[in-house]
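Asker: Pasted the sequence and its predicted model underneath.
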Amino acid sequence: MTDFSFWACALGPALLVEALLARYEVLAYSAGWRAPTTELPAGMPPARGAAADSPPNAYLVYLDGIGKRRARDTRDGGRLVKALIARAPELRVLGQVQPYSPLAAPLADRPVWAWLRRRVGLLLFLHNVMQTFVAADHRYRPQYNRAIGSQIAAQLRLAGYQPDSGIPVVLLSYSGGAQVATGAVEELRTRLRAPLLLITLGGFHNGANDLTHAEHMHQLTSASDWIERVGTWIFPQRWRLFRRSGWNRADRAGKITVHRLDPATHFGPRSYISPEARLPDGRSHLDHTTDTVIALIRARHSATAAADARWS
């Protein structure tokens, strides 16, 4: 048996099973069979960064890529979160949201998946990949969006967010987290009435979600990121031909700005979050990404402060 035949036989059934199981959570949420949990691991704070005794400049919710399987940060996502907290102490940062679980149930905490992780770790990634496509599927997308939007809103409230406070909520998403971030906009606007700023990092999403109530979307990308490009090819709503899609309407409204992080790749030793890969100016790719995200948030804060000063 060739290597290709072996992997086809091994992964084919696994993908089929995942395709069937991935829908369970969103259906369970929609039917009311199970309620999302808001519980965090012992000792884990609801947010990090700016102290809870004074309003931060913004709440930042980090929605990780397909490696996310527990409330605590992944290795790469943790690097980015730590760098943001260290360099922007004015932000209150949440990294515990489960983008690939409508029931907010960490995959690594489930006994079956803990067993599988020790034996077939690849299935953990396949599970989250399939959840991304469930979130993009028009049959399940509205329910998925409501489930994750309500999960984010609940975690923000636990972190001290007050509806109608005017404090912006920044949804920083990596890879498939962008599908979830764009889908959460409507629910967050309804539940929190918060100004919403979206920042995608190598965002993989179908472009169908309505971005009308997002202030702006900053697309951080690179010419070397072939995974993000695949998303623009396989989802028709990302094509200019589909002018009425959420993505194209937002683009025509001037709500999308592209920022280049060349030569970063989607993952690997030269990824957006790599602390080793260097730019000609000596900064690491992690430094470049962190600096860009912070600059975008601070620019928004400065513009708002200037507008308030003019009206006062």
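Answerer: Nice, thanks for sending it over. Residues are numbered from 1 along each chain as shown.
Asker: for this protein, which helix is longest?
Answerer: Longest helix in the chain by number of residues, with DSSP state H as the criterion: helix 285-311.
Asker: Return the set of buried residues in it.
Answerer: By neighbour count on 16 or more other Cβ atoms under 10 Å, the buried set for helix 285-311 is 285-290, 292-294, 296-297, 300-301. All C-beta atoms are positioned from the backbone trio N, CA, C, and that covers glycine.
Asker: How about stretch 66-79?
Answerer: Those buried within stretch 66-79 under the rule 16+ other Cβ under 10 Å are 66, 67, 68, 69, 71, 73, 74, 76, 77, 79.
Asker: who touches that stretch?
Answerer: Identification of contacts with stretch 66-79 by Cβ atoms under 8 Å, 6 or more residues apart in numbering yields 40-41, 44, 62, 64-65, 81-82, 95-96, 98-100, 106-109, 113, 124-125, 128-129, 132, 174-177, 267, 271, 273, 275, 286.
Asker: thought residue 261 was touching residue 285?
Answerer: Yes - using Cβ atoms under 8 Å, residue 261 is in contact with residue 285, at 7.4 Å.
Asker: Surely residue 59 touches residue 97?
Answerer: No - judged on Cβ under 8 Å, residue 59 makes no contact with residue 97 at a distance of 11.7 Å.
Asker: overlap in contacts of residue 261 and residue 285?
Answerer: Jointly contacting residue 261 and residue 285 under the rule Cβ under 8 Å, 6+ apart are residue 272.
Asker: Before we go further, residue 71 is sitting in a helix, right?
Answerer: No - counting by DSSP: H, G, I helix; E, B strand; the rest coil, residue 71 is located in no helix; its state is coil.
Asker: That one - nearest residue in space that isn't next to it in sequence?
Answerer: In space, and not counting its chain neighbours, residue 71 is closest to residue 96: 4.3 Å by Cβ to Cβ, 6 or more residues apart in numbering.
Asker: what is the mean pLDDT for the helix or strand where residue 27 lies?
Answerer: In the assignment (DSSP states H and E), residue 27 maps to helix 24-31. In this model, helix 24-31 has a mean pLDDT of 80.
Asker: And the helices in this structure?
Answerer: 3-21, 24-31, 75-87, 111-119, 122-136, 141-158, 177-192, 226-234, 246-252, 285-311.
Asker: quick one, what contacts the residue nearest to residue 71?
Answerer: Contacts of residue 96 by Cβ under 8 Å, 6+ apart are 40, 44, 46, 71, 72, 155.
Asker: What distance do you get for it to residue 230?
Answerer: For residue 96, the distance to residue 230 equals 28 Å [Cβ to Cβ, to the nearest Å].
Asker: Also residue 35?
Answerer: Using Cβ to Cβ, residue 35 is found at 35 Å from residue 230.
Asker: And residue 93, by the same measure?
Answerer: Using Cβ to Cβ, we find residue 93 at a distance of 29 Å from residue 230.
Asker: and those two? which has more neighbours close in?
Answerer: Neighbours of residue 93 and residue 230, each counted by other Cβ atoms under 10 Å, are more numerous for residue 93; the result is 22 against 12.
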